[in-house]
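Q: here is a sequence together with a model predicted from it:
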Amino acid sequence: MKILITGGAGYIGSHTCVELLNAGYEIIVVDNLLNSKAESLNRVRQITGKDFKFHQIDLLERAALDTVFFENSIDAVIHFAGLKAVGESVSLPLWYYHNNITGTLRLCEVMKKYGVKKLVFSSSATVYGVPNTVPISEDFSLGATNPYGRTKQMIEEILRDLNVSDHEWSVALLRYFNPIGAHKSGQIGEDPNNIPSNLLPYIAQVAVGKVNELKVFGNDYPTKDGTGVRDYIHVVDLAIGHLKALEKVLGFKGVDAYNLGTGKGYSVLEMIHTFETVSGRKIPYQIVERRPGDIGICFANPLKAKQELGWVAIRGVEEMCKDSWRWQANNPNGYENTKIFTNVK
Ligand code: NAD
Ligand code: WQD
């Protein structure tokens, strides 16, 4: 079984490559390396002891993508490739709409041409916008509040329309909550380009001394300690969710959305304290104003994924923080100029 992974060199993609290879799938990765390094794929090869093809291709280059499908008999696609920074999407909406939406259109056109109609798509809990209540179920109304989130919402609609036009299409829309953590080996993990905007990579960079202190965005939310609450999910659990979704699309037809979350919410302060405990490092922080556009509480109802995919997240926040820390401590500069300076096990 041959699976094409778009965006496979990225954070979630590389972890999913490991799980697919370990499960015996043959994979082909395409990625333009806009937000990743080919080194992540070398590490995937080291972890699994398996080799696979990698094509440095932009999804917007239809001809190059066509060649990949022409030369390989692909059974299904897992589509991670996309731009993902919320703030950047507000400043550069045209780039985000073009890259994420046109990229997906190109991919689907080529898939259609070669009769490949099985797709697992990286959506996001961000499509729910500001939920009226928690936990969030898949049937909640959608209302993304920024261009990035709207690209995800629009792509979901496009994929549903594709299935209406041709019932042979089988698509899983995976709405991730907050992926964090890293592979146990400490060899692959999240490697943000600049100063990270997401909480965990930021905490990890404070812990390793690259950034002085964390800014906690608001402590006046109606939550247990006033700071924002999120459903953090271990990236390996998330990767395994893709394996389950792949099995589903290979065996069924139709379009379905699934929340991939744990169903539990943790506050910013809880995450800081957990990280301090597992790393033995102090995380200096300062409470500042709320970040514009943030919501107070967000966590999933993950029951549908359990019932229909047979998937449950099993790794807790301690393990998530511990694995993030191992990756960050062993790779303080991410995949670049890696220098092992600590012996975090
Ligand atoms: P990432 O940036 O690490 O990985 C995305 C990969 O796609 C990168 O390697 C990038 O180089 C590649 N890419 C982008 N545009 C491309 C194009 N036009 N052609 C080819 N390759 C392209 O991000 P990630 O965290 O691994 O996220 C993977 C997917 O999951 C994204 O679609 C993202 O929107 C979605 N998602 C991520 C999160 C999160 O918090 N990380 C949450 C919800 C959804
Ligand atoms: C988590 C909590 C912040 C940074 C984003 C995207 C979403 C999805 C996942 C892709 C919040 C607080 C954060 C900091 C802080 N990505 N925080 N100081 O905002 O839930 O979701 O990533 O689909 O679309 O919007 O994640 O990690 O940025 O924030 O206090 O320096 O940490 O206010 O409560 P978020 P996050």
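A: The structure has been received and is ready for your questions. Ligands and ions are numbered 1, 2, ... in the order given.
Q: going by C-alpha atoms from here, please, whenever you check contacts or count neighbours.
A: Will do.
Q: without its sequence neighbours, what residue ends up closest to Ile27?
A: In this structure, Ile27 finds its nearest non-sequential neighbour in Ile3, 4.8 Å apart by CA to CA, 6 or more residues apart in numbering.
Q: could you verify that the one you found is part of a strand?
A: Yes - assessed with DSSP: H, G, I helix; E, B strand; the rest coil, Ile3 lies in a strand.
Q: could you give the bridge partners of it?
A: Ile3 has these beta-bridge partners by DSSP bridges: Ile27, Ala76.
Q: count of neighbours near it?
A: Residues lying near Ile3 (other CA atoms under 10 Å) number 22.
Q: quick one: it and Ser122, what's the gap?
A: For Ile3, the distance to Ser122 (CA to CA, to the nearest Å) stands at 15 Å.
Q: for Ile78, same thing?
A: Distance from Ile78 to Ser122, by CA to CA: 8 Å.
Q: so these two - more neighbours on which side?
A: Taking other CA under 10 Å, Ile78 and Ser122 do not tie; Ile78 has more neighbours (25 against 21).
Q: and the stretch 1-150 of the chain, which residues reach ligand 1?
A: 7, 9-13, 31-36, 57-60, 80-84, 99, 103, 122-124 (CA under 6 Å from any ligand atom).
Q: which residues does Asp191 contact?
A: Residues counted as contacts of Asp191 (CA atoms under 8 Å, 6 or more residues apart in numbering) are Tyr11, Ser36, Gly334, Tyr335.
Q: before we move on, what SS does it have?
A: Asp191 - assigned by three-state DSSP - is coil.
Q: model confidence for it, exactly?
A: For Asp191, the pLDDT comes out at 95.
Q: same check, this time on the one 4 residues further on
A: The pLDDT attached to Ile195 in the predicted structure is 81.
Q: so what's it closest to, chain neighbours aside?
A: That would be Tyr202: by CA to CA, 6+ apart, it lies 7.4 Å from Ile195.
Q: any idea how far the one you found is from ligand 2?
A: Look at Tyr202 and ligand 2: by CA to the nearest ligand atom, to the nearest Å, they are 6 Å apart.
Q: with Ile233 instead?
A: According to CA to the nearest ligand atom, Ile233 and ligand 2 sit 10 Å apart.
Q: residues in a beta bridge with that residue, which ones?
A: Beta-bridge partners, per DSSP bridges, of Ile233: Pro179.
Q: verify the stated contact: it with Leu200.
A: No - with contacts counted by CA atoms under 8 Å, Ile233 stays clear of Leu200, the gap being 11.3 Å.
Q: shared neighbours of these two, which are they?
A: Ile180.
Q: ok, back up a step: out of the residues of the stretch 1-150 of the chain next to ligand 1, who's near ligand 2?
A: Among these, ligand 2 is touched by Lys84, Ser124 when using CA under 6 Å from any ligand atom.
Q: give me every residue in the stretch 1-150 of the chain lying close to ligand 2.
A: So the stretch 1-150 of the chain meets ligand 2 at Lys84, Val86, Ser124, Thr126 (CA under 6 Å from any ligand atom).
Q: and the contacts of Asp191 as TSV, adding neighbour count and secondary structure?
A: Listed next are the contacts of Asp191 as TSV, based on neighbours: other CA atoms under 10 Å; DSSP: H, G, I helix; E, B strand; the rest coil:
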residue	neighbour count	secondary structure
Tyr11	22	helix
Ser36	21	coil
Gly334	22	coil
Tyr335	19	coil
